[in-house]
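A.B. asks: any chance you can model this:
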Amino acid sequence: MTEILEISPEATLDAVRRQLMRLRQRKVVLVLPDEWQELDNAAQMRLLQRQGQRQRCEISLITRNERTHLAAQQVGVPVFIKLDEALNSYWRMQPPSPLLDPRRLAAGLPDEPRWQRRSIIDLKTSPTYYQARQQRIRSEAIYRQPLPNWLSWLGTGLAGLVMLMAIGLFVFYVIPAATITLIPGREPIVVKVPLTANPFLDVPDLEFRQLPGRLVETNIDETGRVATTGSRQKATERSQGSVVFSNLGPNFVNVPAGTIVSTSTGSSINFRTTVNVGLPGGINQRVTAPIEAVDPGVQGNVRANTINTIGSGFNLRMQVTNPGGTSGGGSQLTAIVTQEDRDKLLADLMARIEARAAADLQKNVLEGEWLSPESIQTFVTAQAFSAFNDEEAEEVELTLRVLVRGVAVDQAILREMLLTTMQRSIPERGKLVASTLATQRDADVAFVQGSVLFTMTVGAEYVIPIDPVEVRTAIAGLPPAEAIALVQQRWPLERPPEIYRDPEWFATLPPLGNRIQVRVEYEPSLASR
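C.D. replies: This is a model prediction of the structure:
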């Protein structure tokens, strides 16, 4: 059966050879892309051909690439333009030289000439069967001759000496054994651990020493008032007087109450008549009418002969003047609201809210959490003043609502991170005594970009690690007293070491280190004192 294998443009020659390794067909047709250049030379084509020879399969190619056609023809690989041509014709690879078999290097070579054949040479040079048998008999006769007596005794003596030496070595080096029991001591360690409580973190990050924080929020409402400090003059009384109207024509003129007259120089001051009067007909006929200032205040107190303007409709029929000045207009000092009053009231209320913010926020903190005072923030969400700037008021009132927010830290997670950090700080194979862990938060706490930055000073004790191999090497061959003194000098211990020897009559510990068992018991040191 013929296997058809289509090659992708991105494939390499090595990839194609690996694909061929997985095939078990006797004939394989490779359909190559026209632009594929992996087989455009004879060397590459020969590698593909040898792969087929190793697998004992015939390979042909389908391509339009002229350089690939030329390389295939050079090494004897069948190549076609269309797939139908390969499927409908008989073809085989015709390599220029066969593939060498490393187990049968002579396979495929021509036969040797008769005069060089191995069978003829063996007949001339190989010994006869009788000669070989006689040679073997002579060798066995020499082997069977008895040794001299002195040589036998010498061999027996040497063998006995070797046995005695082996027994001595066994007695002095193998039989002795010892066991030394060590209870390591403790040493204190103090480490400063900078930490960050990040409210946007879900799980602790030990590498960057960040632990998750929890946002705690509450709203505080506060109301306060303060006396106003601003003041200004306020008009209280209207100025009063009288004016004289003079007729400019022959007709009678009725002057109703409320007729407006005013000054014409400087700032115009308006007055109004308070009663109805009638001006007799005839030129220069006169009538006197009482007046009062339209607006209260001292500005209505004007001098005589300054009121000379009549409102529209009467100015062509009569004239007006005031023979005497007006008087009675007055003002008084009144309190008003200033921006400073509002700012002071806002600052006072904010100070009162900030003073109680920590206590109110602490009510929302869960058991086992620590709330950082430095993380407490206040945000004004609503404010309402009772009066605006420059408004008359003896005092101004403010109702304020403030959002208070802080970051709380789970102290169980904090302790776990501190324990892990301390464990990494102690020497290798050392054991941390968790019951001795003592923590203290430093005063330099900062709140940066929503996270709490603080430093913990952590103190604890750890059990000193002891390497049994190092102890065994140090005390091998020493007397017990010297071994105990050496161990206590080099390693701090909770109590003096205990040494057991077997047998007891040896004055020293075994000289071979592997005959000394070192037991390091950490549990007594880890227990609370």
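A.B. asks: next, count neighbours for Ser312.
C.D. replies: 7 (other C-beta atoms under 10 Å). Where C-beta positions appear, they are placed from N, C-alpha and C, glycine not excepted.
A.B. asks: what of Leu195?
C.D. replies: By other C-beta under 10 Å, neighbour count at Leu195 equals 21.
A.B. asks: helices or strands up against the one helix or strand it maps to?
C.D. replies: Following DSSP states H and E, one finds Leu195 within strand 186-198. Using 3 or more C-beta pairs under 8 Å, 6 or more residues apart in numbering; DSSP states H and E, the elements in contact with strand 186-198 are strand 210-227, helix 411-425, strand 451-463.
A.B. asks: can you pull out the strands in the stretch 401-529 of the chain?
C.D. replies: 431-441, 446-448, 451-463, 498-502, 516-520 (DSSP state E, counting those that start in this stretch).
A.B. asks: figure out which of those strands is closest to Leu211.
C.D. replies: Among those, the nearest to Leu211 by C-beta to C-beta is strand 451-463 (9.8 Å).
A.B. asks: quick one, that closest one and strand 210-227 angle?
C.D. replies: Interaxial angle of strand 451-463 relative to strand 210-227 (axes from the mean of the first three to the mean of the last three C-alpha atoms, to 10 degrees): 130 degrees.
A.B. asks: quick check: bridge partners of Ile336?
C.D. replies: Gly230, Glu392 (DSSP bridges).
A.B. asks: tell me who's in contact with it.
C.D. replies: By C-beta atoms under 8 Å, 6 or more residues apart in numbering, the contact set of Ile336 is Thr228, Gly230, Ser231, Arg232, Asp390, Glu391, Glu392, Ala393.
A.B. asks: try Ala476
C.D. replies: Contacts of Ala476 by C-beta under 8 Å, 6+ apart are Leu509, Pro510, Pro511, Leu512, Gly513, Ile516.
A.B. asks: distance check, it against Gln285.
C.D. replies: 149 Å (C-beta to C-beta, to the nearest Å).
A.B. asks: try Thr223
C.D. replies: 68 Å.
A.B. asks: repeat for Val203
C.D. replies: Counting by C-beta to C-beta, the gap from Val203 to Gln285 is 105 Å.
A.B. asks: partners of the closest residue to Ser451 other than its chain neighbours in the sheet?
C.D. replies: With C-beta to C-beta, 6 or more residues apart in numbering as the criterion, Ser451 has its nearest non-adjacent residue at 4.7 Å, and that residue is Asn198. As for beta bridges, Asn198 partners with Pro212 under DSSP bridges.
A.B. asks: going forward, the N-terminal residue is numbered 594.
C.D. replies: Okay, using 594 as the starting number, the last item reads as Asn791.
A.B. asks: so how many other residues sit close to Asn791?
C.D. replies: Asn791, neighbours per other C-beta under 10 Å, totals 20.
A.B. asks: thought it was touching Gln803?
C.D. replies: Yes: in this structure Asn791 lies within contact range of Gln803 using C-beta atoms under 8 Å: 5.1 Å.
A.B. asks: between these two, which contacts overlap?
C.D. replies: By C-beta under 8 Å, 6+ apart, Asn791 and Gln803 have no common neighbours.
A.B. asks: list the buried ones in stretch 1097-1110?
C.D. replies: Phe1099, Thr1101, Leu1102, Pro1103, Gly1106, Arg1108, Ile1109 (16 or more other C-beta atoms under 10 Å).
A.B. asks: biggest separation within those residues, which pair?
C.D. replies: Most distant of these, by C-beta to C-beta, are Phe1099 and Gly1106, 15.2 Å apart.
A.B. asks: what about Thr931? Give its phi and psi, please.
C.D. replies: Main-chain torsions, Thr931, degrees, to the nearest 10: phi -120, psi 170.
A.B. asks: so it makes contact with Thr822?
C.D. replies: Yes: contact criterion C-beta under 8 Å: Thr931 and Thr822 qualify, at 6.1 Å.
A.B. asks: the two: which is more packed in?
C.D. replies: Thr931 (17 against 13).
A.B. asks: show me the contacts for that one.
C.D. replies: For Thr931, counting by C-beta under 8 Å, 6+ apart, the contacting residues are Thr821, Thr822, Gly823, Asn982, Asp983.
A.B. asks: distance check, the second one against Thr992.
C.D. replies: Here the criterion is C-beta to C-beta. By it, Thr822 lies 21 Å from Thr992.
A.B. asks: could you count how many residues lie near Asn658?
C.D. replies: Neighbour tally, Asn658, other C-beta under 10 Å: 19.
A.B. asks: gap between the spatially closest residue to it that is not a sequence neighbour and Ile655?
C.D. replies: Distances taken as C-beta to C-beta, 6+ apart put Asp627 closest to Asn658, at 5.7 Å, once the chain neighbours are dropped. Distance of Asp627 to Ile655, computed by C-beta to C-beta: 10 Å.
A.B. asks: neighbour count: the two, which is higher?
C.D. replies: Legend: neighbour count by other C-beta under 10 Å for Asp627 and Ile655, higher for Ile655 (21 against 9).
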